[in-house]
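# What shape does this take:
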Amino acid sequence: MLRIHFTSEDLRRVTVADGVDPLWEILLSLHLLQERDTCVEFDQWRRRINSTRSASLRLLAQLAPPWGYSPDFLTPGRGDAEFEVLLDRLLSTPRRRLGADIEALAETGPVSTWVRAIGSGETGALRRLEAAFTTYHRLALAPHRDAFRAQAEADRTRRAQMLLAGGVDRLLGSLHPRVKWEPPVLRIPVYMHQDVHLRGRGIVLVPSFFCRIQPITLLDAKRPPVLVYPLAPRLGLFRGAALARESTSPTVALLGGTRAAVLEAAAAGGSTRELARRVGVADPVVSRHCGVLRAAGLLETRRCGGSVWHGPTGLGIALLNGELPDGRTAPLPAEAKAGPEFPARPQ
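This is a model prediction of the structure:
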């Protein structure tokens, strides 16, 4: 079990990062690529990355086994900087810390000569590491930067509303289904035995596109506290931001251009106004299309504070990914009338 111990000062210093952290995303996506996973949301992305046969993937996998320990120095950020800045921070890790982290990795299994050289701070090994990170980021993450930003923005808005409605207790208590907030301790039951005492340092909650199953943190509790948690719902945006506007897209053929664009925008989650901004149409247009998509079982809408939030259902994500079962189509009515944006509350 992971236990994070808060003081009253820590509760005043809980923050949510502005967006995903590029180096955490690299690490967690490397884990995902090596797992035998049945999660369809990532299938297309995984196939595309594996098809590149990139040497950077094979190299970085030596530092990021799918289970167990990965060196803490690989993730020096807390969602506070862009990729280039964080990579410089990683490459500036003191040699003593590099050595300690690589030794911890070696305790879990054999490591290569190159990995050992990183632990010694050898310049050539670090240059190969820099090149591998840069190539992998360009291939695997950079094409989806806008999708990451949109999802993180929507998630941060929801959590801000939770904080306003219920304070820090609501924020921490609703972080993830596997997280148990029993003040003043945050518990994650299925985890290696680890106690993190914040002691007034606070903690940064960092959303992650590739974090799965449950939140994670660094092994070294002396480093700046961070808890990386999965974004939800999963996105179906790996086909690119322009998917829904392509006339050849099956999604467009089924739904029509604007409605497909609304579903695509909703994959990141968001309010009616946020979806309207992403698609570039008026709020009432989005509201009308959301009603049709909801009736078709492709979109869910729920109340969040004083507004409503739209996100795709599992069927909606499968449609965006082009992965509906053979012969199955979404049950879209031939002529759908827009209903209310949100069903009335029962009296």
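# What residues does the residue nearest to residue 148 when sequence neighbours are not counted make contact with?
Setting aside the residues directly before and after it, residue 148 is nearest to residue 20 in space (CB to CB, 6 or more residues apart in numbering), at 5.0 Å. (C-beta placed from N, C-alpha, C; glycine too.) Taking CB atoms under 8 Å, 6 or more residues apart in numbering, we find residue 20 in contact with 79, 148, 152, 206, 207, 208, 209, 231.
# Check residue 218 too.
Neighbouring residues of residue 218 by CB under 8 Å, 6+ apart: 72, 75, 226.
# In strands only, show me those.
residue 226 (DSSP state E).
# Just give me the closest of the contacts of residue 218 to residue 260.
Closest approach between the contacts of residue 218 and residue 260, by CB to CB: residue 75, at 36.1 Å.
# does the closest one really touch residue 22, like I thought?
No - in this structure, residue 75 is not within contact of residue 22 by CB atoms under 8 Å, at 9.7 Å.
# Poorly predicted segments of the stretch 101-250 of the chain, please.
Counting by pLDDT under 70, the stretch 101-250 of the chain shows low-confidence ranges at 232-250.
# Next, the buried residues of stretch 215-229.
Neighbour counts using 16 or more other CB atoms under 10 Å place 215, 216, 217, 218, 223, 225, 226, 227, 228, 229 of stretch 215-229 among the buried residues.
# how much space between residue 36 and residue 214?
19 Å (CB to CB, to the nearest Å).
# ok, those two, which is more surrounded?
Taking neighbours as other CB atoms under 10 Å, residue 36 and residue 214 compare with residue 214 leading, 17 against 5.
# unless I'm mixing things up, residue 129 is touching residue 91, no?
Yes - assessed by CB under 8 Å, residue 129 is found in contact with residue 91 at 7.5 Å.
# higher neighbour count, these two?
In this view residue 129 and residue 91 are compared by other CB under 10 Å, and residue 129 has more residues nearby, 22 against 14.
# which residues in this structure form strands?
Going by DSSP E, the chain shows strands at 2-5, 14-16, 180-182, 185-188, 194-197, 203-208, 226-230, 299-304, 307-312.
# which one of these lies closest to residue 160?
Ranking these by proximity to residue 160 (CB to CB) places strand 14-16 first, at 7.6 Å.
# and that closest one, what other elements does it pack with?
Contacts defined by 3 or more CB pairs under 8 Å, 6 or more residues apart in numbering; DSSP states H and E place strand 14-16 against helix 145-173, strand 203-208.
# Tell me which of the ones you listed sits nearest to residue 274.
Residue 274 lies closest, by CB to CB, to one member of the helices and strands packed on strand 14-16: helix 145-173, at 6.4 Å.
# That closest one - contacts with which helices or strands?
Helices and strands touching helix 145-173, by 3+ CB pairs under 8 Å, 6+ apart, are strand 14-16, strand 180-182, strand 203-208, helix 272-279, strand 307-312.
# Just put those in JSON lines and tack on mean neighbour count and distance to residue 163.
Shown next, in JSON lines, are the helices and strands packed on helix 145-173 (neighbours: other CB atoms under 10 Å; distance: least, CB to CB, whole Å):
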{"stretch": "strand 14-16", "mean neighbour count": "17", "distance to residue 163": "8"}
{"stretch": "strand 180-182", "mean neighbour count": "15", "distance to residue 163": "13"}
{"stretch": "strand 203-208", "mean neighbour count": "23", "distance to residue 163": "11"}
{"stretch": "helix 272-279", "mean neighbour count": "20", "distance to residue 163": "18"}
{"stretch": "strand 307-312", "mean neighbour count": "21", "distance to residue 163": "15"}
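# returning to what we had before: out of the strands of the chain, which gets nearest to residue 162?
Closest approach to residue 162 among these is made by strand 299-304 (8.3 Å; CB to CB).
# what does the closest one rub up against?
158, 161, 263, 266, 271, 290, 293-294, 308-313, 316, 341-342.
# Let's see that with 7 Å instead.
With contact meaning CB atoms under 7 Å, 6 or more residues apart in numbering, strand 299-304 is reached by 158, 161, 263, 266, 290, 293-294, 308-313, 316, 342.
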